[in-house]
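Colleague: Got a sequence here, can you model it:
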Amino acid sequence: MITKEQIAADYQAIQNEICAALELCDGKAHFEEEQWERDGGGGGRTRIIQNGNIFEKGGVNFSAVHGHLPETMKKALNVAQDDFFATGVSIVIHPNHPMVPIIHMNIRYFEMPSSFKAGQQPVRWFGGGIDLTPHYVIDEDARYFHKYLKSVCDSFYHDFYHRFKLWADDYFFIKHRNETRGVGGIFYDRLTANDELSWDQIFEFSKAVGRSFAPIYTEIVNRNRNKEYSDDNQQWQYQRRSRYAEFNLVYDAGTRFGLETNGRIESILMSLPPTAKWVYDYHPQPGSEEEKTLSLLKKGINWV
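Modeller: All right, here's what the predicted structure looks like:
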């Protein structure tokens, strides 16, 4: 049986690989690392990139924490025990170019060590996902993104992409705006072994999702980084960033888990953009690219 130590070590390796790829892609900025310890158990490596050629702000964070869950989290997770171990890699990148999308990726593992006793079904699962939030939806990029994810999913199980794409549409939805955060992607949680998939296979899937990040995002960045843009395009970018901030502060489960379990605030909130704007009652011009983008921020679009 795979161990939490092995999972954490492989996740750290994926963090290293992604940071190296993003530095190469940017060509200027380098990640700054801060190692931290959590009161209650565990810690992590926060890595931040800022003020690059293309990456204005981004984080590629690893954590492996343990301790005791507060009552609110026990109820939310519907578990009886209070001891936990959680490890994962979490990424958010905010580019400085309006035609280059925001991207988020997360792979994670959770277990309750006290449940690993003879005769009990251990409490453990994997979760994660990757989603794309363009400031301007470019059809070819959205299709490339989803086709790549489908190929990853299909190599492990025939209905992963369909299930996890629908899950992402529902999860990355800003209810109070009645719009999706972006063009979706895949999202899954509490993925466990069964008669068709072993723990090793699920772990390999988790790592494959993590390792899809660098080739996907590098390709999309390079497609768009040299396009010209106007001040109006950048103002729209700031407007779209505000929606991203609203989702993360109101709905995001990872943000809530980190705050509820006494996580490191700077690492948790690294997902917020460096600059965003809330223009009162903003409406794009009819027929504009901005209006087109809003029309595509809906559930159920088939990108493949």
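
Colleague: Kindly format the C-alpha coordinates of stretch 166-185 as CSV.
Modeller: C-alpha atoms of stretch 166-185 as CSV (Å, rounded to 0.1, in the frame of the first residue of the first chain):
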residue,chain,number,x,y,z
LEU,A,166,-19.2,18.1,-15.2
TRP,A,167,-17.9,18.3,-11.6
ALA,A,168,-15.7,21.3,-12.5
ASP,A,169,-18.5,23.1,-14.2
ASP,A,170,-20.6,22.8,-11.0
TYR,A,171,-17.7,23.5,-8.7
PHE,A,172,-16.1,26.5,-10.4
PHE,A,173,-19.4,28.4,-10.6
ILE,A,174,-19.9,31.9,-9.1
LYS,A,175,-23.5,31.5,-8.0
HIS,A,176,-24.1,35.2,-7.1
ARG,A,177,-23.0,36.1,-10.7
ASN,A,178,-24.6,33.2,-12.4
GLU,A,179,-21.4,32.5,-14.4
THR,A,180,-18.6,30.0,-14.4
ARG,A,181,-15.2,31.2,-13.2
GLY,A,182,-13.7,30.4,-16.6
VAL,A,183,-13.9,27.6,-19.2
GLY,A,184,-13.7,24.9,-16.5
GLY,A,185,-11.5,21.8,-16.7
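
Colleague: Could you give the average pLDDT over it?
Modeller: For stretch 166-185, mean pLDDT is 97.

Colleague: cool, stretch 46-59 as well?
Modeller: 97.

Colleague: List the buried residues in that stretch.
Modeller: Neighbour-count burial for stretch 46-59, counted by 16 or more other Cβ atoms under 10 Å, picks out 46, 47, 48, 49, 52, 54, 55, 56, 57, 58, 59. C-beta coordinates here come from the backbone N, C-alpha and C atoms, glycine included.

Colleague: what's the farthest-apart pair in these?
Modeller: Within the buried residues of stretch 46-59, two members stand farthest from each other by Cβ to Cβ: 46 and 54, at 20.9 Å.

Colleague: quick one on the thing from earlier: distance to residue 166 added to the buried residues of stretch 46-59, as JSON lines?
Modeller: Shown next, in JSON lines, are these (distance: Cβ to Cβ, whole Å):
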{"residue": "46", "distance to residue 166": "32"}
{"residue": "47", "distance to residue 166": "32"}
{"residue": "48", "distance to residue 166": "33"}
{"residue": "49", "distance to residue 166": "32"}
{"residue": "52", "distance to residue 166": "35"}
{"residue": "54", "distance to residue 166": "32"}
{"residue": "55", "distance to residue 166": "31"}
{"residue": "56", "distance to residue 166": "32"}
{"residue": "57", "distance to residue 166": "31"}
{"residue": "58", "distance to residue 166": "28"}
{"residue": "59", "distance to residue 166": "28"}
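
Colleague: Could you point out which residue ranges in the chain have low pLDDT?
Modeller: For the chain, the stretches with pLDDT under 70 are 118.

Colleague: Just the element for the residue nearest to the spatial centre of it, please.
Modeller: Centroid-nearest residue in the chain, with Cα atoms, centre = their mean: residue 105, separated by 2.8 Å. Assigned by DSSP states H and E, residue 105 belongs to strand 102-112.

Colleague: So which elements touch that strand?
Modeller: Packing partners of strand 102-112 (3 or more Cβ pairs under 8 Å, 6 or more residues apart in numbering; DSSP states H and E): helix 4-26, strand 83-95, strand 123-133, helix 199-224.

Colleague: how many degrees apart are the third one and strand 102-112 in direction?
Modeller: Taking axes from the mean of the first three to the mean of the last three Cα atoms, to 10 degrees, one finds strand 123-133 and strand 102-112 inclined to each other by 180 degrees.

Colleague: residues making contact with the helix or strand following strand 123-133?
Modeller: Going down the chain from strand 123-133, the next helix or strand is helix 139-154, by DSSP H and E. Under the criterion Cβ atoms under 8 Å, 6 or more residues apart in numbering, residues 101, 130, 132, 134, 160-161, 164-165, 183-186, 208-209, 212, 215-216, 219-220, 223-224, 296, 303-304 lie in contact with helix 139-154.

Colleague: Grab the nearest non-local neighbour of residue 163.
Modeller: residue 188 (7.5 Å; Cβ to Cβ, 6 or more residues apart in numbering).

Colleague: what number of residues lie near the one you found?
Modeller: 21 (other Cβ atoms under 10 Å).
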